[in-house]
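A.B. asks: here is my input, please return the structure:
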Amino acid sequence: MKVVLLQTGKTSEKYISDGAEIFVNRIKKYIPFDIHTLPDLRNNRNMPLQEQRIKEGEKIISYFGSDDFVIALDENGREFTTIEFSEWLEKIFMLPKKRVVFVIGGPFGISDEVFKRAEARISLSRLTFSHQMVRLLFLEQLYRVLTIIKGDPYHHQ
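C.D. replies: Okay, here's the model as predicted:
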């Protein structure tokens, strides 16, 4: 099963893109993995935030295939310990789906339509992080979970 991280807008901070590249290379040693970046909305300067969220949501939904298991990363989603997350994700990997798609919305969050399409909502923390910082945090956690599933020494408990 392929895993995809779907994100909106380019990463503007070099330290985040450098860190992301390190973890992407590590992740690809375990599973087929890809990051797909949707371009930022254009001409949104005077657009209300809710309208931006809806338009961005339409772009996100158009990316999904009918055979995707969609997981939205959301501050109000289900929280896991790392071990719980590894056990949960291992079960997801056994589903008869083509891809698992993790979604990170833009700076104003994820639209209700995307939440309705998602099979799950998870949170990395009760703290709030920028959508760009979440990229790096998620990639590190995905790598950590994969090492746990494979029994490799990265996670210490």
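
A.B. asks: and G65, how far from D18?
C.D. replies: As for G65, its distance to D18 is 31 Å (criterion: C-beta to C-beta, to the nearest Å). Every residue, glycine included, has its C-beta placed from N, CA and C.

A.B. asks: contacts for the longest strand that the chain contains?
C.D. replies: In terms of residue count, the longest strand belonging to the chain (DSSP state E) is strand 68-79. Around strand 68-79, the neighbours that count as contacts under C-beta atoms under 8 Å, 6 or more residues apart in numbering are 64, 92, 95, 97-105, 109-110, 114-115, 117-126, 128, 134, 138.

A.B. asks: at the geometric centre of the protein, which residue do we find?
C.D. replies: Using C-alpha atoms, centre = their mean, the residue of the chain that lies closest to the mean C-alpha position is F102, 3.4 Å off.

A.B. asks: that one - that's part of a strand, no?
C.D. replies: Yes. Residue assignment for F102, taken from DSSP: H, G, I helix; E, B strand; the rest coil, places it within a strand.
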